[in-house]
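Trainee: have a look at this prediction, sequence included:
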Amino acid sequence: MRTVVTSRILLSTILAATLLLNSPPVFAQESAETQESKELVTSDDVAPEISESADTETANTETAPAPPAEEPKEQDDSFQGKVNVVFGEVNEFLAYYMFYNVLDFFGNEKVDGKDTIGNLQLAVIWLVLGSMFFTIRMGFINVRAFKHSILVTAGRYDNPDDAGEVSHFQALTSALSATIGLGNIAGVAIAVSLGGPGATFWMIVAGFIGMTSKFVECTLGQKYREVRPDGRVMGGAMFYLSRGLKKKGLGPVGAVLGFVFAVLCIGGSFGGGCSFQVNQSLNAVAESIEFLKDDGNRWIYGAVMTAAVGVVIIGGIRSIARVAEKIVPTMCGVYVLSALAILLMNAALIPEAISSILTGAFSDEALYGGFIGVLVTGFKRAAFSNEAGVGSAAIAHAAAKTEHPVREGIVALLGPFIDTVVICTMTALVIVITGAYNNPDPLFEAARNSNQGATLTSLAMDSQIAGFRYVLAIAVTLFAYSTMISWSYYGERCWAYIFGDRSSMVYRIIFLCFVFLGSIVSATNVLEFGDLMILGMAFPNVIGVVFLSGEVAADLKVYWQKYKAGEFIEYGKSK
């Protein structure tokens, strides 16, 4: 009872504050994050560079305190402004610890605003070490099971009588629809601009080891899920944290971690998974549709997106999966084909581009761009990109039809490969081959200086394919839309975990309100708070998954022996 009361207080505070204030940051800021976030974009892609912005604000306060002090005072006149200021202070507090520079323990100092050793943030260490640990602990299952994962996803082992709500393919596309987004467009461009072509190498490494993190957490999501009498499934990190740790005698710890994860996921779904997507996609689309640049017309885009999202999410995971299995392959196909067309047009430059990526991977510049631009802004952004280690995808994969939890984990490991190793690499190659990362043209330079990753990618592709900006506008809209419908499911499952299934419709209605508000409200700090919550999900998740990794390894050993022995029934060669 006490837990329920506490949860209501926390969520009420979050909802009350963000419902009126939530609104995404400016397109330029978002790209910077690119983070991402979706940053493009927060996204998916470029999560807001809260740590960098926090450092910038601190530096500005020391050199010119007056300007920063005046802006908040003006905002204090409105309720939205006051709350935005409050959330700004909370963001700085959270960012200080989440993005704390671990190298400070080894004598790192700031000289003229630059780190003498480097900037290796806590959140990055947390995710990287977690991914490395899981990859070694599972015997490089990301390599060993790669072929098997493709066969399972294709439907070869699909038993229609297995419990669950969606197929392996639908579960994968639902999870991918939340991860493939603006970050794949904007985040990569910013990373390459920061560290040069060599940054691409470290991005691929990040996606490679992230495959195993996704395998472990999605296997656990299946193992500890609940299948209700009506066939609906409840699963995800909140369940394996609470139930799995309870089996190990850590019940109270598991209950706390599961509850914290659920609260963070709900808040993140309203911010980075919803309002931020609308705002970022609207800013990008407005570059092609002048009508939407008028502040008085922005609500029209919000209304259309609200209706489009509502039609799908009201139907639950089955409806979301049906849409995702069509949108994800389509949007990935259009974007990848466009990138391949550009690469083929410049085929003679591909060997040189690959060479520059490999030779530059270990240069000082590349290390800065790779670890800061990809692993720092990348893994910080990866919470939005491939989400490996965050635990969100386990919610979607828990709904898959299968009698073997390990099998769904094997399907899930394809996510980071498609999202990061394939799509992000396509973007990187285009940026390198077109020279967009160092093009002296004022338009390209302005995009780089303002960290507008999506704009930089658009300029790069438009320079090769006339009118590509219109294709990109469509791609960005689809990316944002697919991300929202999947994150609505993640948030709704966590909401139901705390408040019960009967309250699911309440969550969906609130979510739709945030979709609309994303197009008209501007409270940057509130949105960044939502993005921080998504990244924060990795902390309780990785703790629990490390404790439970032993049983996953044991289950994998049994499954792999049966697979090698040919004991699994094949229901079809393809689907």
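Mentor: Ah, there it is.

Trainee: from now on I want contacts and neighbour counts done on CA atoms only, so please keep to that.
Mentor: OK.

Trainee: okay but Leu456 is in contact with Arg448, surely?
Mentor: Yes. Here Leu456 reaches Arg448: they are 6.9 Å apart, a contact under C-alpha atoms under 8 Å.

Trainee: which residues in the stretch 51-200 of the chain form helices?
Mentor: Secondary structure of the stretch 51-200 of the chain (DSSP state H, counting those that start in this stretch): helices at 66-75, 79-98, 122-137, 141-144, 146-153, 168-179, 182, 188-195, 199-223.

Trainee: pipe the ones you listed into TSV and attach mean pLDDT, distance to Phe514 and mean neighbour count per row.
Mentor: Below are the helices of the stretch 51-200 of the chain laid out as TSV (pLDDT from 0 to 100; distance: least, C-alpha to C-alpha, whole Å; neighbours: other C-alpha atoms under 10 Å):
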stretch	mean pLDDT	distance to Phe514	mean neighbour count
helix 66-75	45	21	12
helix 79-98	72	15	18
helix 122-137	88	27	20
helix 141-144	94	37	18
helix 146-153	92	33	18
helix 168-179	79	17	29
helix 182	67	19	40
helix 188-195	77	27	32
helix 199-223	89	28	28
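
Trainee: among those, which is nearest Ser288?
Mentor: Nearest to Ser288, of all these, is helix 182, at 16.4 Å by C-alpha to C-alpha.

Trainee: please name the residues that touch the residue lying closest to Gln464 once chain neighbours are set aside.
Mentor: Spatially, and ignoring its direct neighbours in sequence, Gln464 is nearest to Ile342 (6.5 Å; C-alpha to C-alpha, 6 or more residues apart in numbering). Shown in contact with Ile342 (C-alpha atoms under 8 Å, 6 or more residues apart in numbering): Val430, Met461, Gln464, Ile465.

Trainee: the third one: how many residues sit nearby?
Mentor: Summarising burial for Gln464: neighbours were counted as other C-alpha atoms under 10 Å, giving 17.

Trainee: same thing with the first one?
Mentor: Under the neighbour criterion other C-alpha under 10 Å, Val430 is assigned a count of 26.

Trainee: relative to Ala388, how far out is it?
Mentor: 25 Å (C-alpha to C-alpha, to the nearest Å).

Trainee: ok, now the last one?
Mentor: Ile465 sits 33 Å away from Ala388 when distances are taken as C-alpha to C-alpha.

Trainee: please enumerate the helices of the stretch 201-350 of the chain.
Mentor: Counting by DSSP H, counting those that start in this stretch, the helices of the stretch 201-350 of the chain are 237-239, 245-247, 251-270, 276-286, 298-313, 316-345, 350-360.

Trainee: pretty sure Gly210 is touching Val390, no?
Mentor: No. Here Gly210 does not reach Val390: they are 10.5 Å apart, not a contact under C-alpha under 8 Å.

Trainee: need the residues touching each of these two.
Mentor: What both Gly210 and Val390 touch, as defined by C-alpha under 8 Å, 6+ apart, is an empty set.

Trainee: where does the stretch 401-550 of the chain dip in pLDDT?
Mentor: Applying pLDDT under 70 to the stretch 401-550 of the chain flags the ranges 451-452, 522-528, 530-531.

Trainee: pick the one among the contacts of Ile342 closest to Pro197.
Mentor: Val430 (10.6 Å).

Trainee: do I have it right that that closest one meets Leu343?
Mentor: Yes. With contact defined as C-alpha under 8 Å, Val430 reaches Leu343; the gap is 6.8 Å.

Trainee: now do the same contact list for the closest residue to Val390 other than its chain neighbours.
Mentor: Computed as C-alpha to C-alpha, 6+ apart, the closest residue to Val390 that is not its neighbour in sequence is Ala538, at 4.1 Å. Residues counted as contacts of Ala538 (C-alpha under 8 Å, 6+ apart) are Leu127, Ala383, Gly389, Val390, Gly391.

Trainee: cutoff 10 Å now
Mentor: Ala538 is in contact with 123, 126-127, 130, 261, 264, 383, 387-392, 544, counting by C-alpha atoms under 10 Å, 6 or more residues apart in numbering.

Trainee: name the nearest residue to Phe529, sequence neighbours excluded.
Mentor: Phe529 sits nearest to Asn91 (C-alpha to C-alpha, 6+ apart), 6.0 Å away.

Trainee: end to end, how far does stretch 400-407 reach?
Mentor: 10 Å.

Trainee: just to check, Ala163 is in contact with Pro405?
Mentor: No. Counting by C-alpha atoms under 10 Å, Ala163 does not reach Pro405; the two are 11.5 Å apart.

Trainee: which one of those two is surrounded by more residues?
Mentor: For the pair Ala163 and Pro405, the greater number of neighbours falls to Pro405 (25 against 16), based on other C-alpha under 10 Å.

Trainee: next, the angle from the longest helix seen in the chain to helix 316-345.
Mentor: In the chain, with assignment by DSSP state H, the single longest helix is helix 468-499. Orientation check (axes from the mean of the first three to the mean of the last three C-alpha atoms, to 10 degrees): helix 468-499 against helix 316-345 gives 150 degrees.

Trainee: now helix 468-499 and helix 298-313, what's the angle there?
Mentor: Going by the same axes, to 10 degrees, helix 468-499 makes 60 degrees with helix 298-313.

Trainee: after helix 468-499, which helix or strand is next? Please name it.
Mentor: Sequence order places helix 504-517 as the next helix or strand after helix 468-499, per DSSP states H and E.

Trainee: pull the distance from stretch 285-302 to the chain's centre.
Mentor: 25 Å (C-alpha atoms, centre = their mean, to the nearest Å).

Trainee: what does it contact?
Mentor: By C-alpha under 10 Å, 6+ apart, the list of residues contacting stretch 285-302 reads 275, 278-284, 305-306, 308, 455, 467, 469-477, 512-521.

Trainee: distance between the ends of that stretch?
Mentor: 12 Å.

Trainee: stretch 418-432 now?
Mentor: End-to-end for stretch 418-432, by C-alpha to C-alpha: 20 Å.

Trainee: any idea how far it is from the chain center?
Mentor: That offset, for stretch 418-432, works out to 16 Å (C-alpha atoms, centre = their mean).

Trainee: any idea how far Ala447 is from Asp161?
Mentor: 53 Å.

Trainee: which of those two has more residues huddled nearby?
Mentor: More crowded of Ala447 and Asp161, by other C-alpha under 10 Å: Ala447, with 23 against 9.

Trainee: what about that one, distance to Thr457?
Mentor: 9 Å.

Trainee: same question, Ser486
Mentor: Separation of Ser486 from Thr457 (C-alpha to C-alpha) stands at 25 Å.

Trainee: same list, the helices of the stretch 51-200 of the chain, but as TSV with distance to Ile569 please.
Mentor: Putting the helices of the stretch 51-200 of the chain into TSV (distance: least, C-alpha to C-alpha, whole Å) gives the following:
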stretch	distance to Ile569
helix 66-75	64
helix 79-98	46
helix 122-137	28
helix 141-144	20
helix 146-153	12
helix 168-179	16
helix 182	40
helix 188-195	41
helix 199-223	20
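
Trainee: right, and those - which one's nearest Cys424?
Mentor: helix 188-195 (6.3 Å).
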